[in-house]
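> no sequence for this one, just the structure:
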């Protein structure tokens, strides 16, 4: 039975509460106790909750396996239909639509109606999370949200105030913060929560009906991925999984961390990839690691912006995700953030052993979805300045708590990426070329990288300039080494934790690092930036702009929110030179540069990361390149503050921005005496020992 208890110790009457509240919800569908323009909202949402109850009954009775493919598809479509495509324009999850409907209340002013629309749109979107709760059998979550819905329904039968509605939402989030945050930590650490693992290991993966057991939206990407995976021979599936799991093992080996002390690994994947994931689970088990497979957070109190951390399917509506990205602005304050920190600390304390044996994430990313350019609306909730400050403080403090129980210097990770069918008609060709890129010769690249590092270690600074319309002109300061015969500034990065192969990188000095970073078009965290320009002074962002919108202030606000995370500035955490010209050629061959993930794009040219260094929270780990030299450039002027005030050292973000080869005029290693040695000129590698990288470019 796919039905388990979820922290119900203090909810021993939950089944009775559930039955009572669902009975009341079903009555609301047909009642007329609330006046228009609000009546239809309650009828619609009550109908949705009733459908969730029907799903939960199927799950309780283990009846899903008896449903036909047509029945499962109809059920899945019914649960997501009102937010798909143009339907979203008439959905109560859409702030623009709900504002239009509620504006027919002529007894209230526009600002009151706007606030009511935001709160009710938020409540419905949270209730939509019941979909996945039903499939997991999480009766507590469903009951709590249904009770909130009925509480608000009673309010609307009388002359309520906006403040009353705000209070209902605020105290709901505050009262149940402990429940949701505690359960989220358990999901991330407890291998005995096997909902997804059971689907992976026990299903007939040649029959796509298994996809509908998750409760996630199932579309063409998921179905076609599963069908394609089913056509691959076992040997190919095993090899793909081995690239993934071996990269994970090598990460521990390279960092000198004893993997044998670890017991669990978190596997993150995309629906449809289960055949490869099953093979990976078996290979991880041979390393002594049990899988933890948890879903991305469905509720806002555990969610950050549009990030989906955990297993996932295609986003059913990306505009909806964007509209609701800062819904916590409706209820979040400093007191609640402090409460979240208390709960987080206690949750980790309760699972201290599980945290200590957690090895880290193994992530399969996907790429190829059509680019998304969000539409902004003044109706979308947005964090105010005090809330932004509270969020930044929370991220800093929460990361310290996590590191206390999951020491990052004792963990590792690996990331790999594969395309989804949405990438186009040549999906299978692109998939096979991606497999080839993911398995390029490490030894070949290691030697090429060493030639580059030997030169870069002579540099006082590195100069990066664009060509054509690209106005990049960056001076990047290198750290001084005490003993260059034993030390190096750059890491020789092949395909272990970060697949595919192809970069050398360092954490540069901030002082003296300055200039303009420009890229004509780039996608960061799924959002498009046109003609992005960042200006740096002493290694920190001093100005920024892009051409997404005609209005300069809108462009700045877009960058500040999504790259700077609401901060006034961020430092450069990494400078790297990508060397995977094979990936670059593939991207141009299929015209998919704009659809590739940063994981691959960062290997296709020089890139700068803003935020933390690559070594955040693990700076004390002693790392050596294959030539035996110790990597010493792991701190900068911000991260070193961890020794005196850790709250000022980390930013809990790391965003890579890559300049493609064809926009690079030159990268020069500049010696203390002013000598300039070219690494790349006019998009080609010219340093002796690196010329082989041009072969892929010549064959394009």
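Right, received. Where do you want to start? Computed from a predicted structure; not experimentally measured.

> Break this structure into its domains for me.
With domains defined by automatic domain parsing, the chain comprises 14-175, 187-417, 440-698.

> Those domains: which one's closest to residue 423?
domain 187-417 (2.9 Å; CB to CB). Every residue, glycine included, has its C-beta placed from N, CA and C.

> name the helices or strands packed onto the lowest-mean-pLDDT helix or strand in the chain?
Lowest by mean pLDDT, DSSP states H and E among the helices and strands of the chain is helix 598-601, with a mean of 88. Contacts defined by 3 or more CB pairs under 8 Å, 6 or more residues apart in numbering; DSSP states H and E place helix 598-601 against strand 414-419, strand 509-524, helix 581-589, strand 654-658.

> quick one: average pLDDT of whichever helix or strand comes after the second one?
Of the helices and strands lying after strand 509-524 in sequence (DSSP states H and E), the nearest is strand 527-537. Rounded to a whole number, the mean pLDDT of strand 527-537 is 94.

> Can you say which helix or strand has residue 320 in it?
Counting by DSSP H and E, residue 320 is found in helix 318-323.

> Give the rounded mean pLDDT of stretch 65-82.
pLDDT averaged over stretch 65-82 gives 96.

> Could you provide the domains of the chain in a markdown table, with additional columns for mean neighbour count and distance to residue 426?
Below are those laid out as a markdown table (neighbours: other CB atoms under 10 Å; distance: least, CB to CB, whole Å):
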| stretch | mean neighbour count | distance to residue 426 |
| --- | --- | --- |
| domain 14-175 | 17 | 25 |
| domain 187-417 | 19 | 11 |
| domain 440-698 | 19 | 6 |
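
> Which among the ones you listed is found nearest to residue 425?
Closest approach to residue 425 among the domains of the chain is made by domain 440-698 (10.2 Å; CB to CB).

> Between its first and last residues, what's the separation in that closest one?
End-to-end distance for domain 440-698: 18 Å, by CA to CA, to the nearest Å.

> picking that back up, helices and strands around the next helix or strand after the helix holding residue 320, which ones?
Next in sequence after helix 318-323, counting helices and strands by DSSP H and E, comes helix 334-350. Using 3+ CB pairs under 8 Å, 6+ apart, the elements in contact with helix 334-350 are helix 162-175, helix 177-189, helix 385-405.

> contact partners of the first one?
Among residues not part of helix 162-175, those counted as contacts by CB atoms under 8 Å, 6 or more residues apart in numbering are 112, 115-116, 119, 122-123, 144, 148, 151-152, 155, 301, 330-332, 335-336, 339.

> all helices for the stretch 51-200 of the chain, in order.
69-80, 95-102, 110-128, 130-136, 139-156, 162-175, 177-189, 195-202 (DSSP state H, counting those that start in this stretch).

> Generate TSV for these, with distance to residue 53 as supplementary columns.
Output for these, formatted as TSV (distance: least, CB to CB, whole Å):
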stretch	distance to residue 53
helix 69-80	12
helix 95-102	24
helix 110-128	12
helix 130-136	8
helix 139-156	8
helix 162-175	20
helix 177-189	20
helix 195-202	19
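
> mind checking which of those helices is nearest residue 401?
The nearest among the helices of the stretch 51-200 of the chain, by CB to CB, is helix 177-189 at 10.3 Å.

> all strands for the stretch 201-350 of the chain, in order.
In the stretch 201-350 of the chain, the strands defined using DSSP state E, counting those that start in this stretch lie at 264-268, 290-292.

> Quick one, which of the ones you listed gets closest to residue 326.
Using CB to CB, the strands of the stretch 201-350 of the chain put strand 264-268 closest to residue 326, at 23.7 Å.

> The closest one pairs with which strands?
Strand 264-268 has the following sheet partners, assigned by DSSP bridges: strand 290-292 (parallel), strand 358-367 (parallel).

> Run through who's touching it.
188-189, 191, 248, 277, 280-281, 284, 289-294, 309-311, 354, 357-364.
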